[in-house]
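Colleague: Okay, predicted coordinates and the sequence, questions at the end:
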Amino acid sequence: MRTLFRALLTLLAVGGLNTTVVAQNAPDWLGVQIVGNGYPSMGYSAVDSFGNTYVAGTFSDSIRVGGKVRRSMGRLDGYLAKYSPDGAVAWYQQLGSAGEESITGIALDEAGNVYITGVFEFSIQLGSQLALLGGNSTDQDKMFVIRYSPGGKPEWARQSRADVKGISTAYGGSVATDASGQLYVAGIFDNAMTIGAVSTASPANTTGAFLARFSAATGALRSLTTAFTYAVPPPSSINYFRPLLAVTALGEAYVLNSFTVPVLVGNTTLTSRGSIDGLVAKYDAQGRFEWVQQLGGAGVDEIRSCAVDAGGNLYATLAFNAASVLGATTLIPAGEYDGGLAKYSPRGELLWAHSGGGPGYDRYNGICLDPAGNPFVVGYFQHTAQIGGLPLISAGGLDVLVVAYTPGGQVRWAQQAGGPGSDVGDVLGLDAQGDLYVTGSFFRDADFGAIQLATSYYNHFDNCQFVGRLGNAAQTPPMPQVPQIPQPPRPTSGLYPNPATEQVNLPGIDVGSRVRFFDAVGRLVREGSTSSNHQVSVQGLAPGLYTLQTTAATGLRYTGKLIVQ
């Protein structure tokens, strides 16, 4: 059994709780198109089953979409564009007035209808005899949600209203659909907000987050509730993060947020342990609060995106720059910033959390799931990074990073793209054939495998947006296990006995070292520490196969399989 353990033992060179690699070939970049240029890079996109990509963004002055320059009508305009699989612009819609308009969330339903949410100031004519009705001053920021047909026709629009004093501060942050034809919007408001004849409020002089539910077909409001409130008046120096939203097929809603000041969720007040912390809260199909979990440490811990699988399990991507505490799990960054991925059960249990990165600035941004529940994340890394056991080297500063995981948290493969500048992946989605579409931006030029892009396509503009396609990403066949990277001598000769019934010996592991046990589906079931004779107890564990993880005196992290009888 010692020989078997040594064969299974795998170096985990990144900080925090990580896992071995299920070695597979990374899919190739089959196509990449430049779809626009300018600032900011697009941050909101969605992919339908046919491979059409819908991109929503906000811009000032001008932006190029496809081959045409679009100019803003005011300080900021929002736009929504649909691209065919070959990158051609199918249609374009712009939201603009003399004020500021921003799109902050996008979602699709199974029929290909697209929904956007955000904030606006002054009145906007949408076409099809629809309009958003604004006020006369910048004191009247209003939330909106709009449905467009697959052909780009606006079909309905809803908005918040100003109070009796003519003041309104509310904006939509995220939008999502469920399987029964309901649409959900989460966002931020000050004091109180009203949609139609329904209002919700937060304690006097505080800012809150709302959760609204609409009929996706008609836009009729079904419910409006306050999801949580910030426990202090909103000083002007505070930046409130847009709430993120994921909805199960049954209409249960997860609302996620990053926060800097105390937050009241249900009857629980959460206080940041450092600069920025995150929260994960769940609400039932009627909008009633169920539970909340906090994550964070002494530094910045930001939740970037989320998705939910068919079983109601939640996945969230993270960016953190110091030890990040998620319940009983702590992720340790390998450098300036690391990306993280966490999975929660519908009951709020942290099933697992993994991190990836290197000595530089690395982030996970968007996430999507395939029908089997395998998560894919997109972001970027700087110079060098380790994702699971996979070493990566960038072509320049920042490279686009795409990572595929199993539902149990194992890294399946990692793919990259980039050039000498800063190249970033923002959002991704899958079509019905399992091809993965990645949106992001690149600076000057970048290589996507054998495909080369250059921003000279748009003359003097340096920053361009792209849509790339990784072929057959969801059905990539397993490959034989790759040879391990050359490693320093391991300080252990193997654990024994294996199978074990009472104690497991861990030669070479420091006395008092923390040891974690994970069950066959990746759930953390026990944490212990090595005794004076380098043992750890397995008494009370149910018989079965476990993954054991610990750290040697050198700081190297190890994992191995253990059978408990």
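Modeller: Perfect, I can see it now. Model, not experiment: these values are computed from the prediction. Numbers count the residues shown, from 1 in each chain.
Colleague: So, low pLDDT: which residues of the stretch 351-500 of the chain?
Modeller: By pLDDT under 70, the low-scoring segments of the stretch 351-500 of the chain are 456-462, 475-494.
Colleague: Quick one: name whatever helix or strand follows the longest strand seen in the chain.
Modeller: Looking across the chain with DSSP state E, the single longest strand is strand 390-405. Heading C-terminal from strand 390-405, the first helix or strand you meet, by DSSP states H and E, is strand 411-417.
Colleague: For that next one, which helices and strands make contact with it?
Modeller: strand 29-37, strand 375-387, strand 390-405, strand 445-448 (3 or more Cβ pairs under 8 Å, 6 or more residues apart in numbering; DSSP states H and E). Where C-beta positions appear, they are placed from N, C-alpha and C, glycine not excepted.
Colleague: Mind doing that once more with 7 Å?
Modeller: Judged by 3 or more Cβ pairs under 7 Å, 6 or more residues apart in numbering; DSSP states H and E, strand 411-417 is in contact with strand 390-405, strand 445-448.
Colleague: now the angle between strand 29-37 and the first one, please.
Modeller: Right, the one you point to is strand 390-405. Counting by axes from the mean of the first three to the mean of the last three Cα atoms, to 10 degrees, strand 390-405 lies at 80 degrees to strand 29-37.
Colleague: buried stuff in strand 390-405?
Modeller: Buried residues in strand 390-405, counted by 16 or more other Cβ atoms under 10 Å: 390, 392, 394-405.
Colleague: which residues of the stretch 51-200 of the chain score low on pLDDT?
Modeller: Using pLDDT under 70, the stretch 51-200 of the chain drops low at 136-139, 164-166.
Colleague: If we use 90, what do you get?
Modeller: For the stretch 51-200 of the chain, the stretches with pLDDT under 90 are 57-70, 72, 74-75, 86-87, 98-99, 110, 134-141, 161-169, 179-180, 190-191.
Colleague: Let me know whether residue 303 touches residue 319 as I believe.
Modeller: No - Residue 303 is beyond contact range of residue 319, at 8.4 Å (criterion: Cβ atoms under 7 Å).
Colleague: my read: residue 141 touches residue 162, true?
Modeller: No - Residue 141 is beyond contact range of residue 162, at 9.6 Å (criterion: Cβ under 7 Å).
Colleague: Give the residues shared as contacts by these two.
Modeller: Shared contacts of residue 141 and residue 162 (Cβ atoms under 7 Å, 6 or more residues apart in numbering): residue 168.
Colleague: returning to what we had before: and the contacts of the longest strand of the chain?
Modeller: Outside strand 390-405, the residues within contact range by Cβ under 7 Å, 6+ apart are 21, 341, 356, 374-385, 387, 411-425, 428, 438, 440, 447, 470, 473, 485.
Colleague: same deal with stretch 97-110?
Modeller: With contact meaning Cβ under 7 Å, 6+ apart, stretch 97-110 is reached by 44-46, 48, 54, 56-58, 73-78, 80, 95, 114-124, 134, 138, 171-177, 216, 242.
Colleague: Figure out the length between the terminal residues of stretch 148-167.
Modeller: By Cα to Cα, to the nearest Å, the extent of stretch 148-167 from end to end equals 28 Å.
Colleague: mind listing what's buried in it?
Modeller: Those would be 148, 150, 152, 154-163, for stretch 148-167 by 16+ other Cβ under 10 Å.
Colleague: what's next to that stretch, contact-wise?
Modeller: For stretch 148-167, contacts defined as Cβ under 7 Å, 6+ apart pick out 80, 82, 91, 93, 112-114, 126-128, 130, 132-133, 135, 139-140, 142-147, 168, 170, 192-195, 214, 218-219, 221.
Colleague: Only the buried members of these: can you turn that into a PyMOL selection?
Modeller: In PyMOL, this line selects whichever of the contacts of stretch 148-167 come out buried by 16+ other Cβ under 10 Å:
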select buried, resi 80+82+93+112+113+114+126+132+135+140+142+143+144+145+146+147+168+170+192+193+194+195+214+219
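Colleague: Among the contacts of stretch 148-167, which are located in strands?
Modeller: Counting by DSSP E, the contacts of stretch 148-167 place 80, 82, 91, 93, 114, 126-127, 130, 132, 140, 142-147, 168, 170, 192-195, 214, 221 in strands.
Colleague: distance of residue 170 from residue 252?
Modeller: Note on residue 170: its distance to residue 252, by Cβ to Cβ, to the nearest Å, is 24 Å.
Colleague: before we move on, the earlier item: closest to residue 65 out of the buried residues of strand 390-405?
Modeller: The nearest member of these to residue 65, counting by Cβ to Cβ, is residue 400 at 20.7 Å.
Colleague: bridging residues for the closest one?
Modeller: Beta-bridge pairing for residue 400 (DSSP bridges): residue 380, residue 417.
Colleague: One more: residue 326?
Modeller: On the basis of DSSP bridges, residue 326 is bridged to residue 295, residue 329.
Colleague: now swap in residue 405 and tell me
Modeller: Here residue 405, judged by DSSP bridges, has bridge partners residue 411.
Colleague: now swap in residue 441 and tell me
Modeller: Going by DSSP bridges, residue 441 is paired in beta bridges with residue 424, residue 465.
Colleague: Quick check, it in contact with residue 425.
Modeller: No - applying Cβ under 7 Å, one finds residue 441 not in contact with residue 425, separated by 8.8 Å.
Colleague: neighbour count winner among these two?
Modeller: Between residue 441 and residue 425, counting by other Cβ atoms under 10 Å, residue 425 is the more crowded of the two (30 against 26).
Colleague: From residue 278, how far out is the more buried one?
Modeller: Between residue 425 and residue 278 the computed distance is 21 Å (Cβ to Cβ).
Colleague: same thing with residue 331?
Modeller: Distance, residue 331 to residue 278, using Cβ to Cβ: 12 Å.
Colleague: ditto for residue 353
Modeller: From residue 353 over to residue 278 the distance is 12 Å, taken as Cβ to Cβ.
Colleague: how about the strands in the stretch 251-400 of the chain?
Modeller: For the stretch 251-400 of the chain, the strands defined by DSSP state E, counting those that start in this stretch cover 253-259, 263-265, 268-270, 277-283, 289-297, 301-308, 314-320, 324-326, 329-331, 338-344, 350-356, 363-369, 375-387, 390-405.
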